[in-house]
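Asker: the following block contains a protein sequence and its predicted model.
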Amino acid sequence: MRLFVIAFVLSLPATTAQAGTPPNAEAYPNRPIRIIVPNTAGSGMDNVTRMIGQGLTEAWGQQIVVDDRPGAAGLIGHETAAKAAPDGYTLLFSASSGAVINPLLGKVPYDQVRDFAPISLVVTSIQLLSSHPSVAATNVEELLALARSRPGQLNCASSGSGSSNHLACEMLKIMGHVDFVHVPFKGTVPQMIGVVSGQVQFAFASIPTTMTHVKAGKLRALAQGGPSRSRVLPDLPAMAETLPGFQALTWYALFVPRATPQAIVARLNAEVVKILADPALAQRLVNQGLDPAPGTPAELTAYMREETERFSRIIKLAGLKAAH
């Protein structure tokens, strides 16, 4: 009998291994989860992350800690997440800039494919072109005319070199055949302060970030960067109406360190998709000009390949080089 008991006990670890279940995967999550955001508090990325975090807290009963890590065009946040333990308790809320653009521009301290596993695309976000009220332009055509009359004298702000709104500035230069100066800031909030204060003349930024200042009379909305007019702002022209083919949008997605167990990745994906399918949350996002875009990890991987090709063309045409 004693030999039978010993043999039975020794067989348990092997049985668990054969089932392929990662340690503690069944109990996940059993403590707070951190989501790293490579942008400033109060930015569009930060706001959407908090919406997702609230949904996860309600579903799992665990605190979601939003850890804003701005600076170095998002490199600080990405590097921090890449070095985190692959246990499902550190997530990265990345954008097109950090996941695709920065690696195309030069050497970064992480590899988006090697270091991270995709969870899901979260939202796509149309960028609005806005200007300080002192700028003598009420639409894209007038802004281009002003820039042509003052070559190299106007400034376009971005949330950092290599950000999607930086590339929108470069697209405007190329497609509008104008010359102005790109001014990078360390995050979305400093970027918008720069435009609101009149330090820089215009910028591309998300609808919720921009419209807060437009409604307060501190900025003037000139156009939206989607291929067509947004449902939220049907009276505001699209950039493509003046510059056919122009597209300025960004996207946000969730990732985890690459070695995170697949069972945890699958659970995170299922919950994020469920959160974004909630009609009330989806409407909140749409009202802010954000389009919910949940999907599978494989779909996010394929989308990133497409975006890599698109941004590669813009970077080549603009002749951009790494600023880090």
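Answerer: On my side now, so go ahead.

Asker: please verify my assumption that Pro32 contacts Gln63.
Answerer: Yes - with contact defined as C-beta atoms under 8 Å, Pro32 reaches Gln63; the gap is 4.2 Å. Where you see a C-beta, it was placed from the backbone N, CA and C, and this is true even at glycine.

Asker: residues touching Ala82, list them.
Answerer: Neighbour list for Ala82: 109-110, 115-116, 257 [criterion: C-beta atoms under 8 Å, 6 or more residues apart in numbering].

Asker: quick one: which of the residues you listed is most hemmed in?
Answerer: Highest neighbour count within the contacts of Ala82: Phe116, with 24 neighbours (other C-beta atoms under 10 Å).

Asker: follow-up on the earlier one: mind putting the contacts of Ala82 in CSV, secondary structure, distance to Ile126 and pLDDT included?
Answerer: Listed next are those as CSV, based on DSSP: H, G, I helix; E, B strand; the rest coil; distance: C-beta to C-beta, whole Å; pLDDT from 0 to 100:
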residue, secondary structure, distance to Ile126, pLDDT
Pro109, coil, 30, 90
Tyr110, coil, 28, 93
Asp115, helix, 29, 96
Phe116, strand, 25, 97
Pro257, strand, 30, 98
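
Asker: and the helices in the protein, which stretches?
Answerer: Applying DSSP state H to the chain gives helices spanning 2-19, 44-60, 75-82, 96, 102-105, 112-115, 140-149, 164-176, 188-196, 207-215, 262-276, 279-287, 297-318.

Asker: distance from the fifth one to the middle of the chain?
Answerer: Computed by C-alpha atoms, centre = their mean, to the nearest Å, the separation of helix 102-105 from the middle of its chain amounts to 15 Å.

Asker: pop the domain breakdown of this structure in here.
Answerer: Per the record, the chain has its domains at 32-124+250-318, 126-241, by automatic domain parsing.

Asker: what average pLDDT does the shortest one get?
Answerer: Confidence over domain 126-241 (mean pLDDT, whole number) is 94.

Asker: ok, the residue lying closest to Val178 once chain neighbours are set aside - contacts?
Answerer: Nearest residue to Val178 in three dimensions, chain neighbours excluded: Ala147, at 4.0 Å (C-beta to C-beta, 6 or more residues apart in numbering). By C-beta under 8 Å, 6+ apart, the residues touching Ala147 are 154, 176, 178-180.

Asker: dump the residues you listed to CSV, plus neighbour count and distance to Tyr303.
Answerer: Shown next, in CSV, are these (neighbours: other C-beta atoms under 10 Å; distance: C-beta to C-beta, whole Å):
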residue, neighbour count, distance to Tyr303
Leu154, 20, 34
Gly176, 20, 28
Val178, 19, 31
Asp179, 13, 33
Phe180, 24, 31
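
Asker: out of those, who's nearest Val214?
Answerer: Closest to Val214 out of the contacts of Ala147 is Leu154 (19.3 Å), distances taken as C-beta to C-beta.

Asker: with adjacent residues omitted, what lies nearest to the closest one?
Answerer: Leu154's closest residue in space is Phe180 (C-beta to C-beta, 6+ apart), at 4.2 Å.

Asker: touching, the one you found and Ser149? I think so.
Answerer: No - Phe180 is beyond contact range of Ser149, at 11.6 Å (criterion: C-beta under 8 Å).

Asker: please report how far Thr52 lies from Glu271.
Answerer: Just to correct that, residue 52 is Ile rather than Thr. Ile52 sits 9 Å away from Glu271, going by C-beta to C-beta, to the nearest Å.

Asker: neighbour-wise, which of those two wins?
Answerer: Each of Ile52 and Glu271 has its neighbours counted (other C-beta under 10 Å); Ile52 has more, 24 against 17.

Asker: and the pLDDT for the more buried one?
Answerer: Note on Ile52: pLDDT of 97.

Asker: residues touching the closest residue to it other than its chain neighbours, list them.
Answerer: Spatially, and ignoring its direct neighbours in sequence, Ile52 is nearest to Ile275 (6.1 Å; C-beta to C-beta, 6+ apart). Shown in contact with Ile275 (C-beta under 8 Å, 6+ apart): 52, 55-56, 59, 281.

Asker: what's near enough to touch the residue positioned nearest the centre of the chain?
Answerer: Here the mean C-alpha position of the chain is nearest to the C-alpha of Ala95 (C-alpha atoms, centre = their mean), at a distance of 2.3 Å. Ala95 makes contacts with 38-39, 45, 74, 163-164, 250-253, as judged by C-beta under 8 Å, 6+ apart.

Asker: tally of neighbours for Lys316?
Answerer: 10.

Asker: do the same with the one 4 residues further on
Answerer: Each residue near Leu320 was counted by other C-beta under 10 Å, and the total is 20.

Asker: cool, thanks, signing off.
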